[in-house]
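Asks: after the sequence you'll find the predicted model.
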There are 2 protein chains.
Amino acid sequence: MTEQPKTVAFVVYPGLTLLDLAGPLQVLTPLTTRGHSVVTVGETRGALETDTPLSVSPTHAFADVPQPDVVVVPGGAAPTLRAMSDETLLSYLRSAAGTATWMTSVCTGSLLLGAAGLLEGREATTHWSMLDMLAAFGATPVTRRWVEDGPVLTAAGVSAGVDMALHLAERLAGADFAKFVQFAVEYDPEPPFGPLDWSGAPRELFAAVVNAWLTDGLAHSPALLARLKTAAPHGTE
Amino acid sequence: MTEQPKTVAFVVYPGLTLLDLAGPLQVLTPLTTRGHSVVTVGETRGALETDTPLSVSPTHAFADVPQPDVVVVPGGAAPTLRAMSDETLLSYLRSAAGTATWMTSVCTGSLLLGAAGLLEGREATTHWSMLDMLAAFGATPVTRRWVEDGPVLTAAGVSAGVDMALHLAERLAGADFAKFVQFAVEYDPEPPFGPLDWSGAPRELFAAVVNAWLTDGLAHSPALLARLKTAAPHGTE
């Protein structure tokens, strides 16, 4: 192996969306067969709830992994908005960004990168229902499955993390490796109703849902709430 | 709501493949907004390792959920083969099948349904690399993203659980609900290398991998090992 061994750190926090974490984690864990290290990191190693009936426990605390090479930040609903004022989490992201070659996110994980000041002047994406909010952090919102801008790689909502992670797998270990992983996870999608029909997107319904998340998640952060609502006046795109 | 409230139980066991569990769990958890109950069940409520650097803890023990309406069994590699002789797990599956309207699986989770005697005479699928092994349980192996045969619904490998779960969401709560969930998880797949090119499937490589899993997982179950090897003489299709 001629590659330098890298450490890939998945950041966990209370209430995250499980699939945002699990999709890329499944795709990138085989990097361990190439001599890389893949870990999950949280404020502590204790169990955390997710937005599903499953709790998860990371392998490491932030302090154990001070200089990851790759960081993956999953998103979520109100709990992710709440995490935007979690200074311990944001400090970890800022510090990690100092050494990491890749800072990546899934879904609203990009709002956490934004809150940490890491999206200024960059193109980025997030869940379709909250895309405009990225402008609050100086980012240019882009409608794409994943967006690579320098060391920052952001994915669209939830399931987009699998596509982003396969792209990242190629960047980290080459196309043959990424294609092997695609066979391993048998990623040959057949959505029963076909791809999303964006002309029928339930935009009003999601606007209401997102507003509820904002009210809940940012109840104690009025300045941040105002900033996000200014960026996305209707709560969504 | 005119539907009867149902209990959807996701079965967890040591070493499972995280995405097999997390994909369908993310898709089906919104059933709780329709008055249904979604839980994760294990032999105990203690934390379990997965095949990624993340431990998971279920919400319930088997004894707490004796009569689920829907059961989802995730798969995995050697640990899943090992679980084929876990009588506590198999007893739970047999007992649940007595009342459940749906017994479902992702990836090699179907081997656990098979080991519990629930695939006899049915069409079923599993991860492409172990498809032929289903014949050892009296099932007819089918190459399809998901296979519905009466109350038994089996999905292909790992990521196929998301497709299967959207299908199941429609069966349980209607197409509008399933389509809403598809927007919620933004399931609009764009595999970076496109769909799988089956003409280039690394069959020999996976045959070797599967043989290693069989040797590891079934070291203490020589009769079962022989049965599976007879069904799939080369360790794969």
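Replies: Structure's in. What do you need?

Asks: the residue nearest to A:Leu134 when sequence neighbours are not counted: how many residues sit nearby?
Replies: What sits nearest to A:Leu134 in space, not counting adjacent residues and going by Cβ to Cβ, 6 or more residues apart in numbering or on different chains, is A:Pro141, at 4.4 Å. From N, CA and C alone the C-beta is placed, and that goes for glycine too. By other Cβ atoms under 10 Å in any protein chain shown, the residues close to A:Pro141 number 22.

Asks: now swap in A:Leu196 and tell me
Replies: Applying other Cβ under 10 Å, I find that A:Leu196 has 18 neighbouring residues.

Asks: for the residue nearest to it when sequence neighbours are not counted, what are its contacts?
Replies: Excluding the flanking residues, the one nearest A:Leu196 by Cβ to Cβ, 6+ apart is B:Asp188, at 4.1 Å. Applying Cβ atoms under 8 Å, 6 or more residues apart in numbering or on different chains, we find B:Asp188 in contact with A:Arg145, A:Ala156, A:Ser159, A:Ala160, A:Pro191, A:Pro195, A:Leu196.

Asks: kindly report the same for A:Leu196.
Replies: Contacts of A:Leu196 by Cβ under 8 Å, 6+ apart are B:Gln182, B:Phe183, B:Glu186, B:Tyr187, B:Asp188.

Asks: tell me the SS of the nearest residue to A:Trp146 once chain neighbours are set aside?
Replies: Of all residues not flanking A:Trp146 in the chain, A:Met164 sits nearest, at 4.0 Å (Cβ to Cβ, 6+ apart). Judged by DSSP: H, G, I helix; E, B strand; the rest coil, the three-state class of A:Met164 is helix.

Asks: state the distance from A:Met164 to A:Thr126.
Replies: To A:Thr126, A:Met164 is 12 Å away according to Cβ to Cβ, to the nearest Å.

Asks: neighbour count: these two, which is higher?
Replies: Each of A:Met164 and A:Thr126 has its neighbours counted (other Cβ under 10 Å); A:Thr126 has more, 31 against 27.

Asks: I figured the more buried one hits A:Ala135, correct?
Replies: No: using Cβ atoms under 8 Å, A:Thr126 makes no contact with A:Ala135, being 11.1 Å away.

Asks: show me what the worst-scoring helix or strand of chain A on mean pLDDT is packed against.
Replies: In chain A, no helix or strand scores lower on mean pLDDT, DSSP states H and E than helix A:222-231, which sits at a mean of 92. Under the contact criterion of 3 or more Cβ pairs under 8 Å, 6 or more residues apart in numbering or on different chains; DSSP states H and E, helix A:222-231 touches helix A:203-217.

Asks: enumerate the positions of the helix it packs on that are buried.
Replies: By neighbour count with 16 or more other Cβ atoms under 10 Å in any protein chain shown, helix A:203-217 contains the buried residues A:Phe206, A:Ala207, A:Val209, A:Val210, A:Trp213, A:Leu214, A:Gly217.

Asks: still on that earlier bit, could you pull up the residues touching the residue nearest to A:Leu134?
Replies: A:Pro141 neighbours (Cβ under 8 Å, 6+ apart): A:Ala124, A:Thr125, A:Thr126, A:Leu131, A:Asp132, A:Met133, A:Leu134, A:Ala135, A:Glu237.

Asks: from chain B, how far out is it?
Replies: Counting by Cβ to the nearest Cβ, to the nearest Å, the separation of A:Pro141 from chain B is 15 Å.

Asks: brilliant, that's me finished.
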